[in-house]
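**Student:** I would like the atomic coordinates for the input below:
(2 chains)
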Amino acid sequence: MSRARAWVMAALVGACASAPRPQVLDQAAATARAPALVEAQQLAPQAYAHAQKLERRAEQAHADGDAASAQILGEHALAAYEHAAILARLAKAEQRLGQARTDVAKTGEALRQIEAEQRKVAALAEQLELELKVARDAEPLSPSEPASAEREAARLQAAKALLAQARLLCASAALVGSADAGKQLSVIAQLEGSPGRPHEALDRARAERSTCLQALTLARRDRVLAAPAKSGADALLSKLSAAGLYPFRDDRGVVVTLHEPFAAGSSELKAPARQRLLELGQVAKAHGDFPVLVVAHSARAAGVKQEDARASAVAEILREGGAPKVDTVSVGTALPVLDPKARDAASRNERVEIVFVAPAG
Amino acid sequence: MCGGAALAIAARDDHASASALIGDVQKSPQGAVAGEPLGKAKGALARAADARAAGEFARAEMLEALAQEWAETARDLVRVAEVERQASELEKEALDLQTSRVRAQALLEETVARRARAEQALRSFQQDGGAPAVDAGTQTGGER
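**Tutor:** Below you'll find the predicted structure:
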């Protein structure tokens, strides 16, 4: 017997017999009272009303003796109640989603505000700590007493190194806008010309270095406080590292060192050094708020003229590459990396430092 | 006559719409969650086909409407699963952000205290012209 014929038979039997109440009608009535459906009345009222209407139609069909319709409409009412419950669940889920979106937005904004405040307060704290450190360093030490000739010679050498460091710090300070640095550079030049007695020269050189560091720290203060998160030194360091230039940081900013960039005995740049300098000029152009200080170091006393010519040659190529603000300093042999008497010292000591002076610490 | 034609069109719409919905739900990645209503929708469609074959068109239409109801229920169940998943993810994100916010607030309070110590130390140093009463460099408790 085919399924269609069976359907007809069932319908005929249903029509002839006294129709019992379909079980599904009781199920629909029970479902309508379930807690989920109570909620659905609030959250999905149309769907709930649709289910109720179907339930009433099913009851009517049963009352009319149409058992088949009562069965199908009862099933439909049951499906509609379940649908209403699902829609209520959907409405609740959407409420949760909306609330979660609001929470994420609000909490995220609050977090951003706290982080911004944190950067500001941390920058101020660091600046104050630095100022304290610099102020302490500038405190006069107990004056040095005369010593043996050998000791005095060592002191003189140390004084030269300290004065060279002072000059680099003051030149950096001048590049980031220190008004006092220029005057200090004149004082340093005088001291370099006539250092005086070694033990006194050492004390004065130490004081000059502290003064220059203080000038650099104070010159940066306003920018640090105005835009604590915008130092940019980390990004610059990363960029230079990625380019294989082995940069490092010190009080002045971010430093790249080029070893033996000149042809022997001349101020003519070797081709690879020239290329590197052009690239560095482009980096300086991209980080225009970092002025560049070129520092020429010699391995042997070559004379002021040649050192200046070398520093100028480097500055010229950097400008050609796009560096907007460049200054030069020659420190001669005052700051060697290795003891000049050591093996291969010359190749390490003769170098040019390209200092990207950090405008804000 | 016209009413009968309209009913026939509505029934064809329910059949086509239910079939299309069933296909869509089955294809969706979260279709598995709607296995039960999908099964009931397919069952109702099969019964409708039988009724139609037997010439019971009114019954067939009612069954097609039932199939449509179950198919829509299946579709909405899939939607519920997706929205609940999104809500859970966002709630977790909100909770993580809240934790970060509490930590950030604590860090800020520590930093404010650190700044105050540094200010005090510098002020003392400048006023006394000597070593400050509080050493900002050593009192920061490892914050630096």
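**Student:** okay, residue 23: pLDDT?
**Tutor:** Chain wasn't specified; assuming chain A. With respect to pLDDT, A:Gln23 has a value of 94.
**Student:** not what I meant, chain B
**Tutor:** Note on B:Gly23: pLDDT of 92.
**Student:** so it, which state does it fall into?
**Tutor:** Taken by DSSP: H, G, I helix; E, B strand; the rest coil, the conformation at B:Gly23 corresponds to helix.
**Student:** what's the burial count for it?
**Tutor:** B:Gly23 has 11 neighbours, counted by other CB atoms under 10 Å in any protein chain shown. In this view, the C-beta of every residue, glycine as well, is placed from N, C-alpha and C.
**Student:** and it, how far from B:Leu66?
**Tutor:** Computed with CB to CB, to the nearest Å, the distance linking B:Gly23 and B:Leu66 is 18 Å.
**Student:** ok, B:Lys42 next?
**Tutor:** 11 Å.
**Student:** so those two - more neighbours on which side?
**Tutor:** A count of neighbours by other CB under 10 Å puts B:Leu66 above the other of B:Lys42 and B:Leu66, at 28 against 18.
**Student:** so the more buried one is in which element?
**Tutor:** Using DSSP states H and E, B:Leu66 sits in helix B:57-128.
**Student:** show me what contacts the residue most central in space within chain B?
**Tutor:** In chain B, the C-alpha nearest the mean C-alpha coordinate belongs to B:Gln86, at 2.3 Å (CA atoms, centre = their mean). In this structure, B:Gln86 makes contact with A:Leu97, judged by CB atoms under 8 Å, 6 or more residues apart in numbering or on different chains.
**Student:** cool, and A:Ala158?
**Tutor:** Residues in contact with A:Ala158, defined by CB under 8 Å, 6+ apart, are A:202, A:205.
**Student:** from A:Arg197, how far out is it?
**Tutor:** From A:Ala158 across to A:Arg197, the span is 14 Å (CB to CB).
**Student:** and if you look at A:Ala205?
**Tutor:** Distance check for A:Ala205 against A:Arg197: by CB to CB, it reads 12 Å.
**Student:** looking at the two, which is more packed in?
**Tutor:** Neighbours per residue, other CB under 10 Å: of A:Ala205 and A:Arg197, the larger number sits with A:Ala205, 25 against 12.
**Student:** the stretch 101-250 of chain A: strands as residue ranges?
**Tutor:** Counting by DSSP state E, counting those that start in this stretch, the stretch 101-250 of chain A forms strands over residues A:248-249, given from the N-terminal end onward.
**Student:** interface residues of it facing chain B?
**Tutor:** A:101, A:103-104, A:107-108, A:110-111, A:114-115, A:117-118, A:121-122, A:124-125, A:128-129, A:131-133, A:135-136, A:139 (CB under 8 Å from any CB of the partner chain).
**Student:** can we see that at 6 Å?
**Tutor:** Within the stretch 101-250 of chain A, the positions adjacent to chain B are A:103-104, A:107-108, A:110-111, A:114-115, A:117-118, A:121-122, A:124-125, A:128-129, A:131-132, A:135 by CB under 6 Å from any CB of the partner chain.
**Student:** let me see the contact set for A:Leu162.
**Tutor:** Taking CB atoms under 6 Å, 6 or more residues apart in numbering or on different chains as the criterion, A:Leu162 is in contact with A:205-206, A:209.
**Student:** to clarify, my last question referred to A:Ala205.
**Tutor:** When contacts are counted by CB under 6 Å, 6+ apart, A:Ala205 touches A:159, A:162-163.
**Student:** equivalent analysis for B:Trp70, please.
**Tutor:** A:79, B:37, B:40-41.
**Student:** shaky segments in chain B?
**Tutor:** With pLDDT under 70 as the threshold, chain B has low-confidence stretches at B:1-12, B:129-144.
**Student:** can you list the residues of it near chain A?
**Tutor:** B:50-51, B:53-54, B:62-63, B:66, B:69-70, B:73, B:76-77, B:79-80, B:83-84, B:86-87, B:90-91, B:93-94, B:97-98, B:100-101, B:104-105, B:108, B:111-112, B:114-115, B:118-119, B:121-122, B:125, B:136.
**Student:** of those, just the buried ones, ChimeraX syntax please.
**Tutor:** What follows is the ChimeraX syntax for the buried subset of the residues of chain B next to chain A, where burial is set by 16 or more other CB atoms under 10 Å in any protein chain shown:
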select /B:50,51,54,62,63,66,69,70,73,76,77,79,80,83,84,86,87,90,91,93,94,97,98,100,101,104,108,111,112,114,115,118,119,121,122,125,136
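**Student:** quick one, helices of chain A?
**Tutor:** Counting by DSSP state H, chain A forms helices over residues A:3-16, A:23-32, A:35-43, A:45-63, A:67-137, A:149-175, A:181-193, A:198-226, A:233-242, A:271-286, A:304-321, A:345-349, given from the N-terminal end onward.
**Student:** in TSV: those, plus distance to A:Pro359.
**Tutor:** Below are the helices of chain A laid out as TSV (distance: least, CB to CB, whole Å):
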stretch	distance to A:Pro359
helix A:3-16	87
helix A:23-32	73
helix A:35-43	59
helix A:45-63	65
helix A:67-137	13
helix A:149-175	9
helix A:181-193	14
helix A:198-226	6
helix A:233-242	9
helix A:271-286	13
helix A:304-321	17
helix A:345-349	30
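**Student:** of the ones you listed, which is nearest A:Asp250?
**Tutor:** Go through the helices of chain A one by one with CB to CB and the one that ends up closest to A:Asp250 is helix A:149-175, at 9.3 Å.
**Student:** buried residues in that closest one, which are they?
**Tutor:** Under 16+ other CB under 10 Å, the buried positions of helix A:149-175 are A:152, A:155-156, A:159-175.
**Student:** what's the span of stretch A:289-305, first residue to last?
**Tutor:** The first and last residues of stretch A:289-305 sit 30 Å apart, counting by CA to CA, to the nearest Å.
**Student:** what parts of the stretch 251-361 of chain A come near chain B?
**Tutor:** Counting by CB under 6 Å from any CB, the stretch 251-361 of chain A has no residue next to chain B.
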